[in-house]
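Student: Please work out how this folds:
(chains A, B, C and D)
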Protein chains: 2
Amino acid sequence: MAYITYPAAGDAKTPANPAANQLSLRGSFAEFGAKAQVFGAHDVIFYEGDPAKRLYELAQGTVMLFKLLPDGRRQVVEVLRPGDIFGLANQNEHECTAETLTGAHVHEIDLKQIEGSPDLQRKLTKCLMAQMQVLHEHAVLLGRKSAVERVASFLMYLVPERGGVGCPGPSDEENDGYDLHLTMTRQEIADYLGLTIETVSRVVSDLKRRGIIRIDRADRIHLTKVCRLCQMTGIH
Amino acid sequence: MAYITYPAAGDAKTPANPAANQLSLRGSFAEFGAKAQVFGAHDVIFYEGDPAKRLYELAQGTVMLFKLLPDGRRQVVEVLRPGDIFGLANQNEHECTAETLTGAHVHEIDLKQIEGSPDLQRKLTKCLMAQMQVLHEHAVLLGRKSAVERVASFLMYLVPERGGVGCPGPSDEENDGYDLHLTMTRQEIADYLGLTIETVSRVVSDLKRRGIIRIDRADRIHLTKVCRLCQMTGIH
DNA sequence: CGCCTGGTTGACCAGAGTCAAACCTCGTGG
DNA sequence: CCACGAGGTTTGACTCTGGTCAACCAGGCG
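Tutor: Residues are numbered from 1 along each chain as shown, chains lettered A, B, ... in the order given. Just a heads-up that it's a prediction; the model follows:
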């Protein structure tokens, strides 16, 4: 049996954000004659500094946006899910690089086309507001949380319906588990969380030692106590 | 002679962002019958968790948005300037608190009114894209920069026309100075930069010792070598 | 079978946080 | 007019979290 480290689009993580998925169905770029593009895992969609002419809507898969400092330090600024829109540029240059984490389907659409369509404008605004909120939360994580809190927050972010303000708590106290498939390497996680690869690894090992998670392969994590993990995110 | 620590709206910092100011003139909320509001320094415009019904456009002064963790840790997620729009909420609750730093003039407008106006939609989109870019840069600062780089970046952010990608460099090598008026306390700066008040103070003292800045009152800083400071931001 | 990549672990170090004390500046009231 | 107090700021001594550097490990592939 052959495992692939970075599964093609449509992997287990896709349904993690059903709301975003719905969003992408109603008033999707596709309905407006957007060009569909398919990317492999770890393909660059555009580089920081590239001329920005169109907008992209992620239809399937996962994409990350990152920025680099001249000495090579990297910060992943967003991890996108199906339904998210990216590639907006204030000036006419992209201010960050977009790279796929998994295989991905992307719809491209012209900026001018959006300006002309109130429907697309509305969809865009809604999406931007949601992303803004995520960026705010991420600023709190980067500016104020400890390493453990960052990793816990990251893992909780991958569990649908849990960890948010309206978290229902464990439905079954005894059986509060969840299976995760990581589409990011330790380096990518570290660059997203503002940590080093070693620190991420140490924290993960520590969670394992404490029985909060279980790992057999580096990219598959079983959370045994979701609620317990959630209490380590710093938001409780 | 009476000094006021937090000058009323229309202080020296207002013209720092002429582009944003222009933006606020063309297609301003005011033209669409928005209600004008005046706030004093350190007034709260809305709290995290308040019901979100309208949008706000900052016309004059400075406003910060911040989020709190339950144990009191605070992260300032945005510092807004005239022309910026805030108060957007994904759900129907504000996800952060908005507090004025100086006296401020704010235009309020109903969400529904925006949905109906393509002009406002366009303006909103443009503003959101600009803010997004600032948030991305801030993520790099919080995730990857050292204390000195953070403070240097912060100070450069207050110098108009300098430090960006299209920085013209010093127009006059010998006389590359700039006078700043800080509208934020050390605590607010620390919470914006993801540092402690002591670290900010130490870094500032160090810059002073090295002759890069000069300070007579805590909220007035003279940068003696802008280009030199810029080279400490980590982006060169 | 051995290399290569990504991940883990350990020892050590440094940058930033914590705690505490001293210091200004400004406003208030005797 | 000066003493006092409150807030915000600065400085020092010490601690600790997370970074650095290096060795080691495991799985996948040629």
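Student: Tell me which residues touch residue A:75, please.
Tutor: Contact partners of residue A:75, counting by CB atoms under 8 Å, 6 or more residues apart in numbering or on different chains, are A:66-67, A:69, A:191-192, A:194, B:139-140, B:143-144. Bear in mind the C-beta positions are built from the backbone N, C-alpha and C, glycine included.
Student: Please identify which pair of the residues you listed lies farthest apart.
Tutor: A:69 and A:192 (15.4 Å; CB to CB).
Student: So these two - more neighbours on which side?
Tutor: residue A:192 (26 against 16; other CB atoms under 10 Å in any protein chain shown).
Student: bridging residues for the closest residue to the more buried one other than its chain neighbours?
Tutor: Closest residue in space to residue A:192, ignoring its immediate chain neighbours: residue A:76 at 3.9 Å, by CB to CB, 6 or more residues apart in numbering or on different chains. Residue A:76 forms beta bridges with residue A:66, as assigned by DSSP bridges.
Student: For residue A:62, see how far away residue A:76 is.
Tutor: 12 Å (CB to CB, to the nearest Å).
Student: now residue A:82
Tutor: For residue A:82, the distance to residue A:62 - CB to CB - is 8 Å.
Student: just for chain A, where's the confidence low?
Tutor: A:1-33, A:165-167, A:169-170, A:173-174 (pLDDT under 70).
Student: let's see 80
Tutor: A:1-34, A:90-91, A:163-175 (pLDDT under 80).
Student: just checking, what's the longest helix in it?
Tutor: Determined from DSSP state H, the single longest helix within chain A is helix A:118-144.
Student: contacting residues for residue A:235?
Tutor: Contacts of residue A:235 (CB under 8 Å, 6+ apart): A:153, A:163, B:69-70.
Student: Derive a ChimeraX selection command for the buried subset of these.
Tutor: Selecting only the buried entries of these in ChimeraX, with 16 or more other CB atoms under 10 Å in any protein chain shown as the criterion:
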select /A:153,163 /B:69
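Student: any chance of the contacts of residue A:235 in a markdown table, plus secondary structure and distance to DNA strand D?
Tutor: Below are the contacts of residue A:235 laid out as a markdown table (DSSP: H, G, I helix; E, B strand; the rest coil; distance: CB to the nearest atom of the strand, whole Å):
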| residue | secondary structure | distance to DNA strand D |
| --- | --- | --- |
| A:153 | helix | 12 |
| A:163 | coil | 19 |
| B:69 | coil | 14 |
| B:70 | coil | 18 |
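Student: Residue A:215: neighbouring residues, count only.
Tutor: Neighbours of residue A:215 (other CB under 10 Å): 15.
Student: scratch that, residue A:214 is what I was asking about
Tutor: Other residues close to residue A:214 by other CB under 10 Å number 14.
Student: in stretch A:210-225, what counts as buried?
Tutor: Quick answer for stretch A:210-225 (16+ other CB under 10 Å): A:212-213, A:219, A:221, A:223-225.
Student: Now find how far off-centre stretch A:41-54 is within its chain.
Tutor: The chain centroid and the centroid of stretch A:41-54 are separated by 17 Å under CA atoms, centre = their mean, to the nearest Å.
Student: And stretch A:168-181, by the same measure?
Tutor: 21 Å.
Student: show me the contacts for residue A:155.
Tutor: A:180, A:213, A:221, A:223, A:229.
Student: if I look at it, how far off is DNA strand D?
Tutor: Distance, residue A:155 to DNA strand D, using CB to the nearest atom of the strand, to the nearest Å: 16 Å.
Student: pretty sure that residue is in a strand, no?
Tutor: No. Counting by DSSP: H, G, I helix; E, B strand; the rest coil, residue A:155 is not found in a strand; it is helix.
Student: And it, how close does it get to residue A:148?
Tutor: 11 Å.
Student: Would stretch A:182-193 count as contacting DNA strand D?
Tutor: No. Interface with DNA strand D: stretch A:182-193 contributes nothing (CB under 7 Å from any atom of the strand), its closest point being 7.6 Å away.
Student: Counting neighbours, which bits of that stretch end up buried?
Tutor: For stretch A:182-193, by 16+ other CB under 10 Å, it's A:182-186, A:188-193.
Student: Domain parsing of chain A, as residue ranges.
Tutor: A:14-144, A:147-230 (automatic domain parsing).
Student: Make JSON lines from the ones you listed and add distance to residue B:37 to it.
Tutor: Shown next, in JSON lines, are these (distance: least, CB to CB, whole Å):
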{"stretch": "domain A:14-144", "distance to residue B:37": "22"}
{"stretch": "domain A:147-230", "distance to residue B:37": "28"}
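Student: Which stretch among the ones you listed is buried most, on average?
Tutor: Greatest average neighbour count among the domains of chain A goes to domain A:14-144 (a mean of 19), per mean count of other CB atoms under 10 Å in any protein chain shown.
Student: quick one: secondary structure of the residue of chain A found nearest DNA strand C?
Tutor: Going by CB to the nearest atom of the strand, DNA strand C is nearest to residue A:205 of chain A, at 3.0 Å. Recorded secondary structure, residue A:205: helix (three-state DSSP).
Student: can you confirm residue A:58 is in a helix?
Tutor: No. Assigned with three-state DSSP, residue A:58 falls outside any helix and is strand.
Student: Quick check: residues of chain A near DNA strand C?
Tutor: Residues of chain A lying near DNA strand C (CB under 7 Å from any atom of the strand): A:185-187, A:197-198, A:200-202, A:204-205, A:215, A:218-219.
Student: Out of the residues you listed, list just those in helices.
Tutor: Filtering those for helices - DSSP H - leaves A:186-187, A:197-198, A:200-202, A:204-205.
Student: Now the two most distant members of the residues you listed.
Tutor: A:187 and A:205 (16.3 Å).
Student: Could you pull up the residues touching the residue lying closest to residue A:121 once chain neighbours are set aside?
Tutor: Spatial nearest neighbour of residue A:121, excluding adjacent residues (CB to CB, 6+ apart): residue B:121 at 4.4 Å. Counting by CB under 8 Å, 6+ apart, residue B:121 touches A:118, A:121-122, A:125, B:114-115.
Student: nearest to DNA strand D, of those residues?
Tutor: Nearest member of the contacts of residue B:121 to DNA strand D, counting by CB to the nearest atom of the strand, is residue A:125, at 35.2 Å.
Student: ok, now which ones touch the closest one?
Tutor: Residue A:125 touches B:121, B:124-125, B:128, counting by CB under 8 Å, 6+ apart.
Student: what helix or strand is the residue most central in space within chain A on?
Tutor: In chain A, the residue lying closest to the centroid (CA atoms, centre = their mean) is residue A:79, at 2.8 Å. According to DSSP states H and E, residue A:79 maps onto strand A:74-80.
Student: For my notes, confirm residue A:107 occurs in a helix.
Tutor: No. Per three-state DSSP, residue A:107 lies outside any helix segment and is strand.
Student: from memory it sits against residue A:45, does it?
Tutor: No. Here residue A:107 does not reach residue A:45: they are 11.8 Å apart, not a contact under CB atoms under 8 Å.
Student: Pull up the overlap in contacts between these two.
Tutor: Shared contacts of residue A:107 and residue A:45, counting by CB under 8 Å, 6+ apart, come down to residue A:56.
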